[in-house]
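*Asks:* Attaching a predicted model along with its sequence, questions to come.
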Amino acid sequence: MLAATVRVTGDIDIAEECVQDAYARALATWSTTGIPSKPGAWLTTVAKRRAIDVARRASTHERALPLLVEPVAAPEPGDLAPPDVIDDRLRLIFTCCHPAIATDAQVALTLRLLCGLTTAEVGRAFLVSEATMAARITRAKKKIATARIPYRVPPLEELPSRIDAVLTVVHLLFTTGHTAPAGADLIRRDLVERSLDLARILRTLLPDDADVAGLLALILLTDARRATRTGDGGELILLADQDRTHWDRAAIGEGIPLVRQALGRRPPGRFALMAAIAAVHAETPSWDATDWQEIVGLYDLLVEIWPSPVVALNRAVAVGLAEGPAAGLVALDALATEPLLATYSYLASARADFLRRLGRTGEAREAYEEALLLSENAVERAFLADRLGQVEI
Amino acid sequence: MAEYLILIYGDEAAFAKADPATGDQMMKEHVVFGERNAAALRGGNALQPTSTATSLRTDSAGNVTVTDGAFAETKEALGGYYLIEAADLDEALAIAKQVPAPTGGVEVRPIRVFD
């Protein structure tokens, strides 16, 4: 709805006001007339009409209003011509993820404008205050208007260089929702579902792109475990202990062919490899049957093309599962001086687990305590506290 | 349409040490750039090195101090600029990518318009 309105106003701030106006009108109108059969369409129409009014009134100041929107062009041959709504959302995400905008602001803008999160919610998702996030978003919106970052899907020849930023943002959106950095719940369903929506939209735009297929597969296969990741009391259940008969078979069935498509391009991209790792789990009936050597092999390829400390940490954990906790500990300790992992609770909790398995309980306790200090997610903290309680001195 | 200033930054020390052929080559590249983007170009100049610069600073009392050198000492110094006209940032960036800047890079800034 916001995306459709931006197309009319050419200005994100004015579009946001028009959308808010439409909601206010809906509250007033629907209480007497009842809710229309297509409330979403009703709201979009009202917001767009309001935007046209605003544009008419502002026409004398037209030069002062930087246009985000290029004049509507006739469709060119070979255009995919997706439905209007999808088109608008795509334009908006390419604007939000323009390389001229800082990465942290790209994610913030996408959450705010495409996913409709409030500024306070976006701030919470990234552990910064509402004021800081408001300043970051305002600055980015001002740059879009002042520097005239265009509101459009880039032409085909530019897509390959522009798509990666969009996929990175959608992936970050998914990981933020998959394990919320802070808060009472392990999973933020809204963020997960929005990332899934966006990945599907990108696939309609670029059906042959291996990275897009890989990201969609990764989200589907990872999120297929959602129902089994927490117990009845909301407590954390590790991959090892999840009831695999309750994994979402439809999502897995959709994801597996996408992994094959994604791996078809050589060398495979990072999303394809992560999706392949998720696919190994999805197709293995139990934790004990897991082919850890294959998973380590996939992580080896992943570390090569994407040398992120978090990937290296996951690889070290897989090494421990393939070759035993002593080997895992060696691999983890090689990452101990990595500054980006110093405040990352998973390094401490993975060490704690291997130490516990080796019977080094004193050190395991210390590592669990360290992980507890670093985690801000209530569900994870409860799990760590429980494990700490089980480790006898 | 909007105007953008493309500021060209480079390593002056490296440029000073370069042989004449490198200088000629760069000159040629700028000529090619100018011809290719003639429709968008509104102006542009190369600057003398920062060793020829003079900076003026005004303190709170309104006194002006004159000093030798660039306003801010940086490894990569402003060495020239182009003023261009473009429909939007993508178009401006597409032109900026073609600017020869072998020892540094360029910065693209929208020109402010006062009504």
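*Replies:* Noted; the coordinates are in hand.
*Asks:* Where in chain A is the helix or strand with the lowest mean pLDDT?
*Replies:* helix A:39-57 (a mean of 67; mean pLDDT, DSSP states H and E).
*Asks:* all helices for chain B, in order.
*Replies:* B:12-17, B:20-36, B:89-96 (DSSP state H).
*Asks:* can you map out the helices along the stretch 201-350 of chain A?
*Replies:* A:210-223, A:249-263, A:270-283, A:292-305, A:309-323, A:325-333, A:345-357 (DSSP state H, counting those that start in this stretch).
*Asks:* how much space between B:Gly43 and B:Thr52?
*Replies:* 21 Å (C-beta to C-beta, to the nearest Å). C-beta coordinates here come from the backbone N, C-alpha and C atoms, glycine included.
*Asks:* What residue in the stretch 201-350 of chain A comes nearest to chain B?
*Replies:* A:Leu205 (17.6 Å; C-beta to the nearest C-beta).
*Asks:* Can you give me the pLDDT of that residue?
*Replies:* Confidence at A:Leu205, expressed as pLDDT, is 82.
*Asks:* In this structure it contacts A:Arg89, no?
*Replies:* No: look at A:Leu205 against A:Arg89 with C-beta atoms under 8 Å: they stay out of range, at 10.3 Å.
*Asks:* Pull the distance from stretch A:3-10 to the chain's centre.
*Replies:* 24 Å (C-alpha atoms, centre = their mean, to the nearest Å).
*Asks:* Residue numbers of chain B in contact with chain A?
*Replies:* B:2, B:87-90, B:93, B:108, B:110, B:113, B:115 (C-beta under 8 Å from any C-beta of the partner chain).
*Asks:* From those, which one has the minimum pLDDT?
*Replies:* Minimum confidence in the residues of chain B next to chain A sits at B:Asp115, scoring 79.
*Asks:* tally of neighbours for A:Pro285?
*Replies:* 9 (other C-beta atoms under 10 Å in any protein chain shown).
*Asks:* residue contacts, it?
*Replies:* A:Arg244 (C-beta atoms under 8 Å, 6 or more residues apart in numbering or on different chains).
*Asks:* Can you give me the pLDDT of it?
*Replies:* 94.
*Asks:* repeat for A:Pro82
*Replies:* 42.
*Asks:* Same check on A:Gly233?
*Replies:* pLDDT, read off for A:Gly233, is 86.
*Asks:* how far is the helix or strand hosting A:Arg136 from where the chain is centred?
*Replies:* Taking DSSP states H and E as the definition, A:Arg136 sits inside helix A:130-146. Using C-alpha atoms, centre = their mean, the mean C-alpha position of helix A:130-146 is found 20 Å from that of the whole chain.
*Asks:* could you say what helices and strands that helix packs with?
*Replies:* helix A:12-33, helix A:103-109, helix A:119-125 (3 or more C-beta pairs under 8 Å, 6 or more residues apart in numbering or on different chains; DSSP states H and E).
*Asks:* and if we set it to 6 Å?
*Replies:* helix A:103-109, helix A:119-125 (3 or more C-beta pairs under 6 Å, 6 or more residues apart in numbering or on different chains; DSSP states H and E).
*Asks:* quick one: it to helix B:89-96, angle?
*Replies:* 70 degrees (axes from the mean of the first three to the mean of the last three C-alpha atoms, to 10 degrees).
*Asks:* Same list (the helices and strands packed on helix A:130-146) but as TSV, adding distance to chain B and mean pLDDT.
*Replies:* Output for those, formatted as TSV (distance: least, C-beta to the nearest C-beta, whole Å; pLDDT from 0 to 100):
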stretch	distance to chain B	mean pLDDT
helix A:103-109	15	88
helix A:119-125	24	80
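*Asks:* Now tabulate the ones you listed in CSV and tack on distance to A:Asp211 and mean neighbour count.
*Replies:* Listed next are the helices and strands packed on helix A:130-146 as CSV, based on distance: least, C-beta to C-beta, whole Å; neighbours: other C-beta atoms under 10 Å in any protein chain shown:
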stretch, distance to A:Asp211, mean neighbour count
helix A:103-109, 17, 21
helix A:119-125, 24, 19
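*Asks:* Next, format these as JSON lines and append distance to A:Ala279.
*Replies:* What follows is those, written out as JSON lines (distance: least, C-beta to C-beta, whole Å):
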{"stretch": "helix A:103-109", "distance to A:Ala279": "26"}
{"stretch": "helix A:119-125", "distance to A:Ala279": "28"}
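*Asks:* Closest residue of chain B to chain A?
*Replies:* For chain B, C-beta to the nearest C-beta, closest residue to chain A: B:Asp88, 4.2 Å.
*Asks:* what's near enough to touch that residue?
*Replies:* A:148, A:150 (C-beta atoms under 6 Å, 6 or more residues apart in numbering or on different chains).
*Asks:* Please, where are all the strands along chain B?
*Replies:* Here chain B has its strands, by DSSP state E, at B:2-11, B:41-46, B:54-58, B:64-68, B:76-86, B:105-110.
*Asks:* For A:Leu341, which of the ones you listed is the nearest?
*Replies:* Smallest distance to A:Leu341 across the strands of chain B (C-beta to C-beta): 31.4 Å, for strand B:105-110.
*Asks:* Could you name the helices and strands sitting against that closest one?
*Replies:* strand B:2-11, helix B:89-96.
*Asks:* got a winner among the residues of chain B next to chain A for most neighbours?
*Replies:* Going by other C-beta under 10 Å, B:Leu89 tops the residues of chain B next to chain A with 22 neighbours.
*Asks:* quick one: it and A:Arg148 touch, right?
*Replies:* Yes: counting by C-beta atoms under 6 Å, A:Arg148 is a contact partner of B:Leu89 at 5.2 Å.
*Asks:* What's the per-residue pLDDT of the closest residue in space to A:Glu294 that isn't next to it in sequence here?
*Replies:* Leaving aside its sequence neighbours, A:Glu294 sits nearest to A:Val280 (C-beta to C-beta, 6 or more residues apart in numbering or on different chains; 5.9 Å). According to the prediction, A:Val280 has pLDDT 97.
*Asks:* Now do the residue of chain B closest to chain A against B:Thr52, distance only.
*Replies:* Taking C-beta to C-beta, one finds B:Asp88 at 36 Å from B:Thr52.
*Asks:* and what of A:Met133?
*Replies:* Applying C-beta to C-beta to A:Met133 and B:Thr52 gives a distance of 45 Å.
*Asks:* out of the two, which sits in the busier spot?
*Replies:* A:Met133 (25 against 10).
*Asks:* Would you enumerate the residues in contact with the more buried one?
*Replies:* With C-beta under 6 Å, 6+ apart, A:Met133 has these contacts: A:119, A:122-123.
*Asks:* between those residues, which is nearest A:Thr110?
*Replies:* Distances from A:Thr110 to the contacts of A:Met133, taken by C-beta to C-beta, are shortest for A:Val122, at 9.4 Å.
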